[in-house]
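Enquirer: Take this sequence and fold it.
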Amino acid sequence: MPIDADDLPGYAGRLHDAAAQHPQVMRFLAWYALERAERPAPEIVARSMDEKIAAIEAAQQRGTVTSDTPAGEILALVLTLANMWEHHTEDVSHLVTDAQRRTIITDAVRRLVTPHEPARG
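Expert: Got it, this is the predicted structure:
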């Protein structure tokens, strides 16, 4: 999924939608994580993550994403939020509807990445 660092809430929403539409991909990724264990990520995965971090850093420099949090941490949080419902069983999945899940994710990412206005005093 191509990242749009100037619209991280939309990016998270699209990731969520893709996971919901293709649950087999999420199962594959879970299996991949188990098999890979503590080994370093393959070069192609590491490069993809580096490119996403660079895109977020550029958005931070443009002022469209907060600079309060390092870009790598923002990426990790966005990816986790986007896929959080896919990793839970019915014990928590039933708490909200499918439509609510996307809104919860995009709202949380928006709050996470929106730059704060300086206090006036």
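Enquirer: Surely A58 touches A5?
Expert: Yes. Shown here, A58 and A5 form a contact pair, counting by C-beta atoms under 8 Å, at 6.5 Å. C-beta: built from backbone N, CA, C; applies to glycine.
Enquirer: Between these two, tell me which one has more neighbours.
Expert: A direct count of neighbours by other C-beta atoms under 10 Å for A58 and A5 places A5 higher, at 23 against 14.
Enquirer: Let me see the confidence value for that one.
Expert: What the model reports as pLDDT for A5 is 97.
Enquirer: For M84, which non-adjacent residue is spatially closest?
Expert: With C-beta to C-beta, 6 or more residues apart in numbering as the criterion, M84 has its nearest non-adjacent residue at 7.4 Å, and that residue is I105.
Enquirer: Does the one you found touch L81 like I think?
Expert: Yes. If you go by C-beta under 8 Å, I105 and L81 touch, sitting 5.3 Å apart.
Enquirer: Now do the shared contacts for the two.
Expert: Common contacts of I105 and L81 (C-beta atoms under 8 Å, 6 or more residues apart in numbering): A12.
Enquirer: now the helices: where do they sit in the chain?
Expert: Here the chain has its helices, by DSSP state H, at 8-21, 23-36, 43-62, 71-83, 90-93, 98-113.
Enquirer: Lowest average confidence across those helices, which one?
Expert: Ranked by mean pLDDT, the helices of the chain end with helix 90-93 at the bottom, a mean of 62.
Enquirer: mind listing what G10 touches?
Expert: If you count contacts by C-beta under 8 Å, 6+ apart, then G10 has 4, 106 around it.
Enquirer: From R110, how far out is it?
Expert: Distance from G10 to R110, counting by C-beta to C-beta, to the nearest Å: 9 Å.
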